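Colleague: Have a look at this fold, sequence not included:
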Ligand code: PGA
């Protein structure tokens, strides 16, 4: 796992956007895994600017998003599909045939998860998976707990995760769905390359445990240590505890 730290969140997001842009230019038919949340907004803004400025073609790109809220349809304001349309898909003109998304309103969530796994395999697999990390160490919606699930699956969201997503649902935690569909740890670890963006002091503990802590289901991101090609891009605040792993591990 390599880490790069930048003075500000904006610089970290721009650096990651530059990396992803280079990957798209080098391989226009890239299969790109994508996250949602507050942190990636600056990344998407920088990526859209870069794509427009460089006249980069995204016509051959394929995308897979990590997760979606259960029971939420793409046109509902809080949906992650809506978020992606707003911040990336519409601004760069990605069409429905290029976009893969878990359907939150699927009649049978289990079959929907199986369909998603098959679609990832049929695409040839994810070349570059972009990730964020929760302050509780989750990746995608793989929450801390006693066990982790390998493949795409139905998850129960932790209260802190519902709280951080309240902004998408009018600021009301009670309006945030209690369940979601998410790629599993195995789905994520199958990506050929993983890049992770974390900014802000509230992520510092999770980041330091992810990089140097023990592998534990109490901090799902720690399993990224099993992958051979992970770039972690941070601002100074999120990287603040990287030198202090004993202290961070004591808080597990
Ligand atoms: P955040 O979410 O950027 O909204 O903190 C990150 C994540 O949960 O992956």
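Modeller: Sure, I can see it. Please read these numbers as outputs of a predicted model, since none were measured by experiment. Residues are numbered from 1 along each chain as shown.
Colleague: Would you confirm that residue 48 contacts residue 86?
Modeller: No: Residue 48 is beyond contact range of residue 86, at 10.8 Å (criterion: CB atoms under 8 Å). In short, each C-beta sits where N, CA and C put it, glycine included.
Colleague: Strands along the stretch 1-150 of the chain, start to end?
Modeller: Using DSSP state E, counting those that start in this stretch, the strands of the stretch 1-150 of the chain run over residues 2-6, 31-34, 62-65, 67-69, 99-100, 128-131.
Colleague: so which of those strands gets nearest the ligand?
Modeller: Ranking these by proximity to the ligand (CB to the nearest ligand atom) places strand 128-131 first, at 6.7 Å.
Colleague: Provide the strand pairings for that closest one, with the direction of each partner.
Modeller: Each strand paired with strand 128-131, and its direction, by DSSP bridges: strand 31-34 (parallel), strand 193-198 (parallel).
Colleague: Run a quick neighbour tally on residue 90.
Modeller: Residues lying near residue 90 (other CB atoms under 10 Å) number 11.
Colleague: And residue 230, by the same measure?
Modeller: By the measure other CB under 10 Å, the count of residues near residue 230 is 22.
Colleague: Check whether it really touches residue 194, as I assumed.
Modeller: Yes: if you go by CB under 8 Å, residue 230 and residue 194 touch, sitting 4.5 Å apart.
Colleague: Quick check: neighbours shared by these two?
Modeller: Residues touching both residue 230 and residue 194 (CB atoms under 8 Å, 6 or more residues apart in numbering): residue 224.
Colleague: In the beta-sheet assignment, what are the partners of the nearest residue to residue 67 once chain neighbours are set aside?
Modeller: In this structure, residue 67 finds its nearest non-sequential neighbour in residue 182, 4.0 Å apart by CB to CB, 6 or more residues apart in numbering. With DSSP bridges applied, residue 182 shows beta-bridge pairing to residue 67, residue 153.
Colleague: please begin residue numbering at 23 from this point
Modeller: I'll keep to 23 as the first residue from here, and by that count the last item is residue 204.
Colleague: Show the contacting residues for residue 204.
Modeller: 88, 89, 124, 162, 163, 164, 174, 175, 177.
Colleague: got a pLDDT number for the fourth one?
Modeller: Right, the one you point to is residue 162. pLDDT recorded at residue 162 is 98.
Colleague: Distance check, it against residue 205.
Modeller: Going from residue 162 to residue 205 by CB to CB, to the nearest Å gives 5 Å.
Colleague: Comparing the two, which shows the higher neighbour count?
Modeller: Using other CB under 10 Å, the more surrounded residue of residue 162 and residue 205 is residue 205, with 30 against 27.
Colleague: Looking at the stretch 73-222 of the chain, what residue ends up closest to the ligand?
Modeller: residue 154 (3.0 Å).
Colleague: And for that residue, the neighbour number?
Modeller: Around residue 154 sit 21 other residues, with neighbours defined as other CB under 10 Å.
Colleague: Please apply the same query to residue 120.
Modeller: 15.
Colleague: wait, what's in contact with it?
Modeller: 80, 83, 84, 85.
Colleague: So for the second one, what's the pLDDT?
Modeller: Model confidence at residue 83, expressed as pLDDT, equals 98.
Colleague: count of neighbours near it?
Modeller: Counted with other CB under 10 Å, the neighbours of residue 83 add up to 19.
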